[in-house]
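Enquirer: got a sequence here, can you model it:
(2 chains)
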Amino acid sequence: MRVLKITPERCTGCLRCEIACSYMQTGTYQPAKSVIRVSPFEGHTSYAPYTCTQCAEGWCMTACPVGAITINIAGAKDVLDDKCVGCKLCTIACPYGTVFYDTGTRKAFKCNLCGGDPACAHACPTAAIEYEDVATADWLGDFARERATHVLAMAGGR
Amino acid sequence: MATRHLIIGGGTAGMNAMRTIREEEREPSEITLVSAERPYSRMVLPYYLDKTIAESHVFTASAAQLAKWNVKTYIGRRASGLDVKANVCTLDDGTRLEYDDCLIATGSSAVRAPVAGADLPGVHSFWTLDEARGVIGSISRGTHVVMVGAGFISFTILNSILSLGARLTIVELAPRILPRMVDDAGAELVASWLKAHGVTIRTNVKLTRIEDAKGKKRLKFSTGPEIVCDAVIMATGIRTNLEWLKDSGINIRQGIVVDEHLRSNVPNVYAAGDVAEGRDLISGAAAVHAIEPTAQEHGRVVGSNMAGKNVGYKGSLIINIVEVCHLDAASFGAWDDAKVETISALKKDRNAYRKLLFTGDRLTGAIIIGRSNDIWTTNDVGMLKGLVQTGVSLGRFKDYLKSNPFDVKTAFIASKTTSTLLPETVLGRPSKAPGESPVAV
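Expert: This next block holds a predicted model:
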């Protein structure tokens, strides 16, 4: 299966992925509706995008009481809007924090890999986001650990 | 001869067990379902109540779906006895069903406060589909509804009642609302939010009597003024449906005591969901978790074991979320553990509250409250679950979280929680999509 491979060292924090994502997902340029979210690290000297890993368990999918989350042709867990009632159980079942709730539509929403042609990977000008046939991984963990010394110092950490 | 599986109860646990049996089995088996009601999801009844979905949307399996799964059904029947020596279940109409293994997943029923008038017409419970129909028929614009009990169940239908244009008063015996879902400070934030949204709340009051009053209901309390209203909803707790197993020899404490394979003391009798007393993921102790996600995981683990796999269960995690008037309140794990290190933080102007509970350098419980459209809430709610579920060692990020409880993401990512989570599955293999349940041939 192809996944979103993130190379955080390449991210410049330009937010094109968020804009492309929201446009593809909702038809509006609204980063608030994006399901890939760029976070700052090390006092805004570094950035990295974070999104659904399309994990093997699919905690959101198994938690859904009405079968409203399925697996689409790209292998992504995908919310079926006509079945979702907006109970929010998936948003707390997902241990990665990558299922969201739209207060306008009253439905859950998440990364569905744009059905196999992810807009974020297209939009990324530095190839920090690539769509590749590799095993999904913790793309950000080591990067974030290394880049967190600044925030830890500010917090009085050791 | 094909193995005969008997599933008693058509709720979340039973449905997930049947689906998983069909996913996992190598040879076709016989599945028989006994269910007092046609299978539906209780989680979605609030959306049926507020008319955003049709009644047909609540059902989790049509007759055609059950036929496709090759399930023999006894719908509308209840199990009345279990002979664990003869491997026979007796139904309320005298039918005897033989089994090779059986799942008890009979769930819970609503309990009303033991007061005079609790059974009057116009006094409702909101638990089953039938009860939901009764509530729907009694609420319209301007109806004054009194909800007795300020727990999770009553809060799940609070938005629905308001959206139908009704006026709402909540009365609660305990000194505060949501006693089993959030702590005192969290309850105070939710209560003031609700008051600002026009909901009347009276805590510390004991209902003593309900009377008919010219087409209305009069509620009397041990202290304070009486209330006259149009409809009463009793959300005063639930009780597990286990009376029918009293003399069966099945070991029952708070629920049916189950081992890590969710077997009772009788090895070919499993229990799942509200009736099972299984392992709590955080404490490791046996507990009844009467919540949807536990029923779902229990059901799948039982289904897999019934199909001949050997799936051990790590334990279930308490997770709850409820939204009232666009304020989310969620809690995870051992959020009420008074013995561990705790940090809490309130940002009143943002209606945001956090409580984080640490055992050593692991997060073992959390409460999060905030507006539904506030990025603080929406970004962090799942990650808090992930930190509690994995129990990753936070190391230096524990201190960071204690000084920055509203910045969970940094600690979550830098603690490499994702690395811990990625290999985790409940059944030891990737999950299948709900529609993708092949019938064994």
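Enquirer: so who does residue 58 touch?
Expert: No chain was given, so I picked chain A. A:69, A:71, A:77, B:430-431 (CB atoms under 8 Å, 6 or more residues apart in numbering or on different chains). Yep, even glycine has a C-beta here, placed from its N, CA and C like the rest.
Enquirer: look at chain B instead
Expert: Each residue near residue B:58 by CB under 8 Å, 6+ apart is listed here: B:40-41, B:44-45, B:48, B:129.
Enquirer: overlap between these and the residues near chain A?
Expert: Among those, proximity to chain A is found for B:41, B:44 (CB under 8 Å from any CB of the partner chain).
Enquirer: okay if I get the contacts of residue B:58 as JSON lines plus neighbour count and secondary structure?
Expert: Output for the contacts of residue B:58, formatted as JSON lines (neighbours: other CB atoms under 10 Å in any protein chain shown; DSSP: H, G, I helix; E, B strand; the rest coil):
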{"residue": "B:40", "neighbour count": "25", "secondary structure": "strand"}
{"residue": "B:41", "neighbour count": "23", "secondary structure": "coil"}
{"residue": "B:44", "neighbour count": "24", "secondary structure": "helix"}
{"residue": "B:45", "neighbour count": "26", "secondary structure": "helix"}
{"residue": "B:48", "neighbour count": "23", "secondary structure": "helix"}
{"residue": "B:129", "neighbour count": "17", "secondary structure": "helix"}
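Enquirer: ok, now which ones touch the residue nearest to residue B:265 when sequence neighbours are not counted?
Expert: Once flanking residues are discounted, residue B:265 sits nearest to residue B:251: 4.2 Å by CB to CB, 6 or more residues apart in numbering or on different chains. Neighbouring residues of residue B:251 by CB under 8 Å, 6+ apart: B:257, B:264-265.
Enquirer: drop anything exposed from these.
Expert: Buried members of the contacts of residue B:251, scored by 16 or more other CB atoms under 10 Å in any protein chain shown, are B:257, B:264.
Enquirer: contacts only, for the most centrally placed residue in chain A.
Expert: Closest to where the C-alpha atoms of chain A average out (CA atoms, centre = their mean) is residue A:51, at 1.6 Å. By CB under 8 Å, 6+ apart, the contact list for residue A:51 reads A:4, A:6, A:35-37, A:98, A:111, A:120.
Enquirer: show me how far the helix ranked longest in chain A is from its chain's centre.
Expert: Counting residues, the longest helix found in chain A (DSSP state H) is helix A:16-26. Computed by CA atoms, centre = their mean, to the nearest Å, the separation of helix A:16-26 from the middle of its chain amounts to 11 Å.
Enquirer: and that helix, what other elements does it pack with?
Expert: Using 3 or more CB pairs under 8 Å, 6 or more residues apart in numbering or on different chains; DSSP states H and E, the elements in contact with helix A:16-26 are strand A:37-41, helix A:119-123.
Enquirer: which of these has the lowest mean pLDDT?
Expert: Mean pLDDT values for the helices and strands packed on helix A:16-26 show the minimum at strand A:37-41, a mean of 91.
Enquirer: ok, that strand near chain B or not?
Expert: Yes. Counting by CB under 8 Å from any CB, contacts between strand A:37-41 and chain B involve A:37, A:39, A:41.
Enquirer: show me the contacts for the closest residue to the last one other than its chain neighbours.
Expert: It stands for residue A:41. Among residues not flanking residue A:41 along the chain, residue A:147 sits closest, at 4.1 Å (CB to CB, 6+ apart). Shown in contact with residue A:147 (CB under 8 Å, 6+ apart): A:41-42, A:45-46.
Enquirer: list just the nearest of these to residue B:53.
Expert: Nearest to residue B:53 out of the contacts of residue A:147 is residue A:41 (CB to CB; 42.1 Å).
Enquirer: those helices in the chain, which residues are they?
Expert: With no chain named, the answer covers chain A. Using DSSP H, helices in chain A cover A:16-26, A:59-63, A:89-93, A:119-123, A:141-147, A:149-154.
Enquirer: sorry, I should have been clearer: chain B.
Expert: Using DSSP H, the helices of chain B run over residues B:12-24, B:45-49, B:63-68, B:129-136, B:152-156, B:158-163, B:184-196, B:292-306, B:375-390, B:397-403, B:408-414, B:417-421.
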